[in-house]
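Asks: sequence first, predicted model second:
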Amino acid sequence: MNPLAKELNDILAGTLAEELLSDYGKRMYFPKGIISQSAEAKQKAHKYNATIGIATEHGNAMCIPSVFAEFTGDLSKNDVFPYSPTAGELPLRKIWLQEMVKKNPSMAGKTTSLPVVTGGLTHAISLAASLFLDKGESIIVPDMYWGNYNLVFTEQREAEQVSFPLFADGKLNITGLSETIDAIEGPHVAMILNFPNNPTGYTPTNDEAARLVSMLVSKAQQGRKLLIFTDDAYFGLFFEKDICRESLFSLLCDAHENIFAIKGDAATKEEMVWGFRVGFITYNSKGMTEAQYEAMVKKTMGAIRGNVSSCSKPAQSILLKGMQSATYHKEKEAGIAVIGERYRLMKQVLAKYAGNAYLTPLPFNSGYFMSFVCAGDAEKLRLHLLDTYEVGTISIKNAYLRLAFSSTDLEEIEDLVRIVYQGAKEVFA
């Protein structure tokens, strides 16, 4: 084992994080090579800096003018063309944490790692899986989950996905998750929970969230060592008053020494910058020190360095300037309000089809999507809608059909729903 990895493991010794690390996670470290030496030079080499491999001219990154001309606003060449630090731009990491605490009051006064920038939320999930899942280990996922989990957990890490029904009698199936935890052999239990959920568009009510956290804490009190990854891709897109508007991560912060929580989130949906590919990964476990969080950050940086090296500099620069704008929050709220209007109209239109024999909507109250339980083969319905009506939808497990109200203009929603129900009648009757 590399001495730098051993050093980080020694810092983490006795923590739940150290106990849960995969073999890869234990071996991971951030090298004291070109990147760290260049970082030192950036602080002290005021005369000449002949370290990192980029081309500069009079202190600015060199570039092709026709490329730079495509960037608008007050971005400088150094905002766009140099490499970003491995963990991401420090001002962006700090402002992301500030906004996180502002949106999640339960985090106030609690210590977490500083968020590390990732190449989107998929990258954050992949990093966490690499650092904490070994081949053959189990990870609990709801039966309604984002299909990319298959590539990350099953194919990349060769872990076993163990599922539980997300709903029971139209409500969050907390009992089902509890029973699934109990069925996992050994003290360690890994899980990923995604709210607002993709594909259903469901977020727990305040009561459900409280009972979910209480159940997880009770498992920790019984001695189960819980690794809980919260996939917060659609965080903030809440459209009902009685649903929990905080991340499950924030409710689990410092909840128990036997809970290690990892928050994966991204600017992708929260800031409506889908193509920027800027995500974040943040850690919390009760009792961890700042030095131990920094050790986890260093392991994460090592995983990034050995994978994508670093994330997009211009995307981070543009995002940071946008978040620092005086009009940022107002503009963001306006965008969410547009999606909220579409959600409410979707609810109203679906109510007209209550009791339909062919399609049954699953509960939804947030996010981008809603899904139907189909009375027949959902893939056949998807193809029929596409070929006959030129309407695109997503089929899941041949049993469910997902619609994105987020990408359907308000004036199109009623007709979309009409066509989907008409198509279901034609295919399933």
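Replies: All right, it came through fine.
Asks: show me the domain layout of the chain.
Replies: The chain resolves into domains spanning 3-30+86-323, 329-428 when parsed by automatic domain parsing.
Asks: for the ones you listed, which one ends up most surrounded?
Replies: Among the domains of the chain, ranked by average contacts under mean count of other C-beta atoms under 10 Å, first place goes to domain 3-30+86-323 (a mean of 19). For glycine as for every other residue, the C-beta is placed from the backbone atoms N, C-alpha and C.
Asks: how far does that domain stretch from one end to the other?
Replies: 40 Å (C-alpha to C-alpha, to the nearest Å).
Asks: any chance of the domains of the chain in CSV, plus mean pLDDT?
Replies: Output for the domains of the chain, formatted as CSV (pLDDT from 0 to 100):
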stretch, mean pLDDT
domain 3-30+86-323, 97
domain 329-428, 96
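Asks: any chance of those in TSV, plus distance to residue 63?
Replies: Formatted as TSV, these follow (distance: least, C-beta to C-beta, whole Å):
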stretch	distance to residue 63
domain 3-30+86-323	11
domain 329-428	29
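Asks: now for the one helix or strand residue 280 maps to, which elements pack on it?
Replies: Element membership of residue 280 [criterion: DSSP states H and E] is strand 279-284. Applying 3 or more C-beta pairs under 8 Å, 6 or more residues apart in numbering; DSSP states H and E, we find strand 279-284 packed against helix 90-103, strand 116-118, helix 121-132, helix 248-252, strand 259-266, helix 290-305.
Asks: check what pLDDT residue 35 gets.
Replies: Looking at residue 35, its pLDDT reads 69.
Asks: immediately after the helix or strand where residue 40 lies, which helix or strand?
Replies: Assigned by DSSP H and E, residue 40 belongs to helix 34-44. The helix or strand immediately downstream of helix 34-44 is strand 56-57, counting by DSSP H and E.
Asks: for residue 320, which of the helices and strands packed on strand 279-284 is the nearest?
Replies: Smallest distance to residue 320 across the helices and strands packed on strand 279-284 (C-beta to C-beta): 4.6 Å, for helix 90-103.
Asks: in its sheet, what does the helix or strand encompassing residue 402 sit against?
Replies: Assessed by DSSP H and E, residue 402 sits inside strand 400-404. Strand pairing for strand 400-404, determined by DSSP bridges: strand 369-374 (antiparallel), strand 394-396 (antiparallel).
Asks: quick one: those as TSV, columns for distance to residue 224 too.
Replies: Shown next, in TSV, are the strands paired with strand 400-404 (distance: least, C-beta to C-beta, whole Å):
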stretch	distance to residue 224
strand 369-374	31
strand 394-396	30
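Asks: closest to residue 172 out of these?
Replies: Checking the strands paired with strand 400-404 against residue 172 by C-beta to C-beta gives strand 369-374 as the closest, at 15.2 Å.
Asks: chain center to the closest one, what's the gap?
Replies: Its chain's C-alpha centre and that of strand 369-374 lie 22 Å apart, by C-alpha atoms, centre = their mean, to the nearest Å.
Asks: and that strand, C-alpha only, in CSV?
Replies: Taking C-alpha atoms only, strand 369-374 is exported to CSV below (Å, rounded to 0.1, in the frame of the first residue of the first chain):
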residue,chain,number,x,y,z
PHE,A,369,-41.5,13.3,-13.9
MET,A,370,-44.6,11.2,-13.3
SER,A,371,-45.1,7.6,-14.1
PHE,A,372,-48.0,5.2,-14.9
VAL,A,373,-48.5,1.6,-13.9
CYS,A,374,-49.5,0.0,-17.3
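Asks: identify all contacting residues around that strand.
Replies: 144, 198-201, 346, 350, 358-362, 364, 378, 381, 396, 399-406, 420, 424, 428 (C-beta atoms under 8 Å, 6 or more residues apart in numbering).
Asks: list the contacts of stretch 86-94.
Replies: Residues outside stretch 86-94 that contact it (C-beta under 8 Å, 6+ apart) are 30, 35, 114-117, 280, 297, 300-301, 304-305, 309-311, 313, 316-317, 319-320, 323.
Asks: that one: end-to-end distance?
Replies: 15 Å.
Asks: got it, and stretch 231-251?
Replies: One end of stretch 231-251 to the other measures 14 Å (C-alpha to C-alpha).
Asks: what sits against residue 376?
Replies: Applying C-beta under 8 Å, 6+ apart to residue 376 gives the contacts 358, 427-428.
Asks: for residue 196, which non-adjacent residue is spatially closest?
Replies: Spatial nearest neighbour of residue 196, chain neighbours left out: residue 367 (3.2 Å); criterion: C-beta to C-beta, 6 or more residues apart in numbering.
Asks: also residue 126?
Replies: Nearest to residue 126 is residue 152, by C-beta to C-beta, 6+ apart, at 5.2 Å.
Asks: touching the top helix by length along the chain from outside, list them.
Replies: Criterion DSSP state H: the longest helix present in the chain is helix 328-351. With C-beta under 8 Å, 6+ apart as the test, helix 328-351 has contacts from 236-237, 239, 271-272, 322, 325, 361, 366, 368, 370, 403, 405-406, 408-410, 413-414, 417.
Asks: now stretch 297-307
Replies: Applying C-beta under 8 Å, 6+ apart, the contact partners of stretch 297-307 are 8, 21, 25, 28-31, 35, 86-87, 113-114, 116, 118, 123, 127, 130-131, 281, 283, 310-311.
Asks: show me what contacts the spatially closest residue to residue 313 that is not a sequence neighbour?
Replies: Spatial nearest neighbour of residue 313, excluding adjacent residues (C-beta to C-beta, 6+ apart): residue 84 at 4.3 Å. Residues near residue 84 by C-beta under 8 Å, 6+ apart: 117, 310-313, 316.
Asks: same question for residue 380.
Replies: Contacts were defined as C-beta under 8 Å, 6+ apart; by that measure residue 380 touches residue 427.
Asks: and for residue 310?
Replies: So, once contact is read as C-beta under 8 Å, 6+ apart, residue 310 ends up touching 83-86, 88, 304.
Asks: between those residues, which is nearest residue 246?
Replies: For those, the minimum distance to residue 246 (C-beta to C-beta) is 23.8 Å, reached by residue 88.
Asks: the closest one and residue 211, how far apart?
Replies: 35 Å (C-beta to C-beta, to the nearest Å).
Asks: again, but for residue 259
Replies: The separation that residue 259 has from residue 211, given C-beta to C-beta, amounts to 16 Å.
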